[in-house]
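**Student:** heads up, no residue letters with this:
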């Protein structure tokens, strides 16, 4: 990745300084197509917007990322100067490298739609559509920020290894979450609470999955293989039994009073945990970041194995894959929390949540500083006597 990606360039820049709508798209299209056709150098996108049309935002992102006739794609450097809210925040985190001015505000909330004359049937359909849209946005957001959070994990690995708060070291995610809570609490306790709620959601889903798998496995025994529909129905029945047996179930809980929606959400989370899109990314993440999921002793052993050997790859996958799955699912739950209510973040809080790579004017570690320290020319001139 070329060094210019890590620095803003106002000479190859487009500016999102108003509501994101079809008129803005029409205005920016000639400029974006000219930059694309002029080579594969990074394009800087300056953002100061409260958002707008999500479909137009997607079109902007696709246009900015479209290859030229030689297959070259211009990397994106996104910069929030003042405000990036809603769809504009989605545009910000879509950058290959995202920068925030120190006083910038990044604001997330769930999908919104307005309608008039809504019937009861329309309301149910709209609720389902909004829930589906929120889940899709959460998944897309998780895919974009996980590398930034893994970067924070690698940078602070020494602090994690020292484990100053006596967290369960068998789970690197637990120690990392503890680190995030400390950093975010210093900024705003509400941000730390968001992380705690995401961790609780992820742990509850893990517990639910374990309970349902054990229950279904005990009931199924040596029965013949099932179709997908049969397996899903068996798990749904187990989920219903679990809900009825919960000690913390509200006394007036019924399917008609929110219970059905709760079961639907638990079933979808269960299915996603077992076979969600994260399973497709896990192998790549383990290959690139798996060693940071190992303890000191495990890392020492791994280094004794022949590099690039089948044995070392299999050993790393066995140790790191479950922990990477745990990390991914925590990130996804964090992104689900961002789709609930109003979530405004200061620039430094956005950094700790993986929404931006760099906050200007701070000493927070970032890829630019690392890259430039490695490529800085060495002064070979004789020192003055």
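**Tutor:** Received, thanks. The model shown is predicted, which means the values in this text are computed figures rather than measured ones. Residues are numbered from 1 along each chain as shown.
**Student:** what's the following helix or strand after the helix or strand of the chain with the lowest mean pLDDT?
**Tutor:** Least confident element among the helices and strands of the chain, by mean pLDDT, DSSP states H and E: helix 157-162 (a mean of 65). Per DSSP states H and E, the first helix or strand lying C-terminal to helix 157-162 is helix 172-185.
**Student:** what's the residue positioned nearest the centre of the chain sitting at in phi/psi?
**Tutor:** Nearest to the mean C-alpha position of the chain, by Cα atoms, centre = their mean, lies residue 142 at 2.1 Å. In terms of degrees, to the nearest 10, the main-chain angles of residue 142 are phi -60, psi -40.
**Student:** Tell me the spacing between it and residue 281.
**Tutor:** Distance, residue 142 to residue 281, by Cβ to Cβ, to the nearest Å: 9 Å. Any C-beta I mention is one placed from the backbone N, CA and C, and that applies to glycine too.
**Student:** which residues do the two both contact?
**Tutor:** residue 328 (Cβ atoms under 8 Å, 6 or more residues apart in numbering).
**Student:** by contact count, what packs against the helix or strand in which residue 219 is found?
**Tutor:** Using DSSP H and E, residue 219 falls within helix 189-220. On a contact count with 3 or more Cβ pairs under 8 Å, 6 or more residues apart in numbering; DSSP states H and E, helix 189-220 meets helix 172-185, helix 228-245, helix 260-275, helix 310-338.
**Student:** For it, buried residues please.
**Tutor:** 191-192, 194-195, 198-199, 201-203, 205, 208-209, 212, 215-216 (16 or more other Cβ atoms under 10 Å).
**Student:** How about stretch 224-243?
**Tutor:** Here stretch 224-243 shows 234-236, 238-239, 242 as buried, counting by 16+ other Cβ under 10 Å.
**Student:** Kindly report the same for stretch 85-103.
**Tutor:** Buried residues in stretch 85-103 (16+ other Cβ under 10 Å): 85-101.
**Student:** Same check on stretch 70-89?
**Tutor:** 74-81, 83-89.
**Student:** Tell me which residues touch residue 78, please.
**Tutor:** Counted by Cβ under 8 Å, 6+ apart, residue 78 has contacts 44-45, 47, 91-95, 97-99.
**Student:** For those residues, work out which two are farthest apart.
**Tutor:** With Cβ to Cβ as the measure, no two of the contacts of residue 78 lie farther apart than 44 and 93, at 15.3 Å.
**Student:** sorry, back to before: so which of the contacts of residue 78 are in helices?
**Tutor:** Assigned to helices by DSSP state H, the following of the contacts of residue 78 qualify: 91-93.
**Student:** Residue 89 and residue 24: what is the separation?
**Tutor:** Distance from residue 89 to residue 24, by Cβ to Cβ: 16 Å.
**Student:** That should have said residue 182, apologies.
**Tutor:** Counting by Cβ to Cβ, the gap from residue 182 to residue 24 is 40 Å.
**Student:** more crowded one of these two?
**Tutor:** residue 24 (21 against 14; other Cβ atoms under 10 Å).
**Student:** Contacts for stretch 281-301 next, please.
**Tutor:** 143, 146, 150, 153-154, 157, 161, 169-170, 172, 302, 313, 316-317, 319-321, 323-325, 327-328.
**Student:** Go again with 6 Å.
**Tutor:** 150, 153-154, 157, 172, 316-317, 319-321, 323-324 (Cβ atoms under 6 Å, 6 or more residues apart in numbering).
**Student:** for that stretch, which positions count as buried?
**Tutor:** Those would be 282, 285-286, 289-294, for stretch 281-301 by 16+ other Cβ under 10 Å.
**Student:** Which one of those residues is nearest to residue 20?
**Tutor:** residue 285 (31.0 Å).
**Student:** where does the closest one land on pLDDT?
**Tutor:** Confidence at residue 285, expressed as pLDDT, is 83.
**Student:** what about it, helix or strand, and which?
**Tutor:** Counting by DSSP H and E, residue 285 is found in helix 278-289.
**Student:** what's the answer for residue 141, then?
**Tutor:** helix 120-155.
**Student:** do the same with residue 61
**Tutor:** helix 54-65.
**Student:** mind listing what the helix or strand that that helix is followed by pairs with, with the direction of each?
**Tutor:** Going down the chain from helix 54-65, the next helix or strand is strand 76-85, by DSSP H and E. Strand 76-85 sits in its sheet next to strand 43-49 (parallel), strand 97-100 (parallel), strand 105-109 (parallel), going by DSSP bridges.
**Student:** Buried deepest among those strands, which one?
**Tutor:** strand 97-100 (a mean of 26; mean count of other Cβ atoms under 10 Å).
**Student:** How much space separates residue 335 from residue 283?
**Tutor:** According to Cβ to Cβ, residue 335 stands 21 Å off from residue 283.
**Student:** Same check on residue 23?
**Tutor:** Relative to residue 283, residue 23 is positioned 43 Å away (Cβ to Cβ).
**Student:** re earlier: tell me the mean pLDDT over the helix holding residue 219?
**Tutor:** Helix 189-220 comes out at a mean pLDDT of 86.
**Student:** dump the residue contacts of residue 216.
**Tutor:** 234-235, 238.
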